[in-house]
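**Q** Sequence and computational prediction follow.
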Amino acid sequence: MTDAEPHPNPDRPLAPPVALITGAAQRIGATIAETLHSAGFDLVLHYRHSGEAAAALKAKLDAARPDSVRLARADLLDPQAPTALLDAVRDFHNRLDALVNNASSFYPTPLAEATEEHWHELTGTNLKAPFFLAQAVAPLLWAAEGCIVNLVDIHAERPHPDHPIYSIAKAGNAMMVRALAQELGPRVRVNGVAPGAILWPEEGLSEASKETILARTALARAGTPADIARTVLFLVRDAHYITGQVIAVDGGRTIQQ
């Protein structure tokens, strides 16, 4: 067995395993894509608005291994998105070894200011879309004895101040990991990764806020997207007897008071 073959099965053809990654054009999603690609995976990379970044990432990865990446644009709030992404996977290699539900919306919604539109978007991208995408691709994952990895959040357990809808959605995402592990076993494993302070929010935080967060982190430093990507790779390729688990990659923040 090579590193590129995460599920040893003598009856399966010797072909590159395939991963579908949502929100793959930038930030943590792009690092996950590069990490899985380096491990031998062919990729279907989902994006919504970041077409230029997605195309640049595809060109970079295809330069390393030609014709190894397919791009798929979709708005995950569209009920037709799961079908569109399933079609992209089928048109590429008609197989799927791993689904990485990485795409996410994140912004504050203080209770007094929260709207139904906020609820629709935040629960849609963080909870509804990953669930129905998993449903759509489950037959391919079942055939490949594949796996799902959800990007959860440490705030699924400890609500983020002023982010109640996001925190609720991620709590549901964590339960989805456990529920789908039960529903899709024994052939499909489902796990999650809960990042801590990895990348600061795009809208920015004050330096004082960053220092406060790191002071409450056992390792007293921020992590990197590579820390998340390596954990995803472990769960996809090496964790053959792990399912229904959410691994916190947070530098020990969740053990601090």
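**A** Alright, I've got the coordinates.

**Q** what about the nearest residue to residue 37 once chain neighbours are set aside, how many neighbours?
**A** With sequence-adjacent residues excluded and distances taken as C-beta to C-beta, 6 or more residues apart in numbering, residue 37 is closest to residue 61, at 4.9 Å. Bear in mind the C-beta positions are built from the backbone N, C-alpha and C, glycine included. Residues lying near residue 61 (other C-beta atoms under 10 Å) number 22.

**Q** so residue 61 sits right up against residue 36, yeah?
**A** No - here residue 61 lies out of contact with residue 36, judged by C-beta atoms under 8 Å, at a distance of 9.8 Å.

**Q** Spit out the residues that contact the two alike.
**A** When contacts are counted by C-beta atoms under 8 Å, 6 or more residues apart in numbering, residue 61 and residue 36 are jointly contacted by residue 43.

**Q** Which helix or strand contains residue 77?
**A** For residue 77, there is no helix or strand it lies in under DSSP states H and E.

**Q** which residues of the stretch 101-250 of the chain fall in helices?
**A** With DSSP state H, counting those that start in this stretch, the ranges of helices along the stretch 101-250 of the chain come out as 116-123, 129-144, 164-184, 207-215, 225-233.

**Q** Quick one: closest of these to residue 194.
**A** Closest to residue 194 of those, according to C-beta to C-beta: helix 164-184, at 7.5 Å.

**Q** Tell me which other helices or strands that closest one touches.
**A** Counting contacts by 3 or more C-beta pairs under 8 Å, 6 or more residues apart in numbering; DSSP states H and E, helix 164-184 packs against helix 116-123, helix 129-144, strand 147-151, strand 189-195.

**Q** I'd like to check the angle between it and strand 189-195, please.
**A** If you take axes from the mean of the first three to the mean of the last three C-alpha atoms, to 10 degrees, helix 164-184 sits at 160 degrees to strand 189-195.

**Q** Could I get the buried residue list for helix 164-184?
**A** Buried residues in helix 164-184, counted by 16 or more other C-beta atoms under 10 Å: 164-174, 176-178, 180-181, 184.

**Q** which stretches of the stretch 51-200 of the chain have low pLDDT?
**A** With pLDDT under 70 as the threshold, the stretch 51-200 of the chain has low-confidence stretches at 200.

**Q** Go again with 80.
**A** Counting by pLDDT under 80, the stretch 51-200 of the chain has low-confidence residues at 198-200.

**Q** Now do the helix or strand that the residue nearest to residue 37 is a member of: which elements does it pack against?
**A** If you go by DSSP H and E, residue 61 is part of helix 51-64. For helix 51-64, the elements it packs on are helix 27-38, strand 42-47, strand 69-73, judged by 3+ C-beta pairs under 8 Å, 6+ apart.

**Q** Tell me which of the ones you listed sits most buried.
**A** Highest mean neighbour count of these: strand 42-47, a mean of 26 (counted as mean count of other C-beta atoms under 10 Å).

**Q** Pull up the pairing partners for it, direction included.
**A** Strand 42-47 has its sheet partners listed here by DSSP bridges as strand 18-21 (parallel), strand 69-73 (parallel).

**Q** The residue nearest to residue 37: what's it in contact with?
**A** 33-34, 37, 43, 68-69.

**Q** repeat that for 10 Å
**A** 30, 33-34, 36-38, 41-43, 45, 68-69 (C-beta atoms under 10 Å, 6 or more residues apart in numbering).

**Q** And for residue 133?
**A** 20, 22, 46, 74, 76, 81-83, 85-86, 99, 101, 103, 148.

**Q** Distance check, it against residue 236.
**A** Distance, residue 133 to residue 236, by C-beta to C-beta, to the nearest Å: 16 Å.

**Q** Please apply the same query to residue 190.
**A** Residue 190 is 11 Å from residue 236, where distance means C-beta to C-beta.

**Q** which residues are common contacts for those two?
**A** Taking C-beta under 10 Å, 6+ apart as the criterion, residue 190 and residue 236 both touch 99, 147-149.

**Q** Kindly reformat the residues you listed as a markdown table and extend each row with neighbour count.
**A** What follows is the shared contacts of residue 190 and residue 236, written out as a markdown table (neighbours: other C-beta atoms under 10 Å):
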| residue | neighbour count |
| --- | --- |
| 99 | 30 |
| 147 | 28 |
| 148 | 29 |
| 149 | 27 |
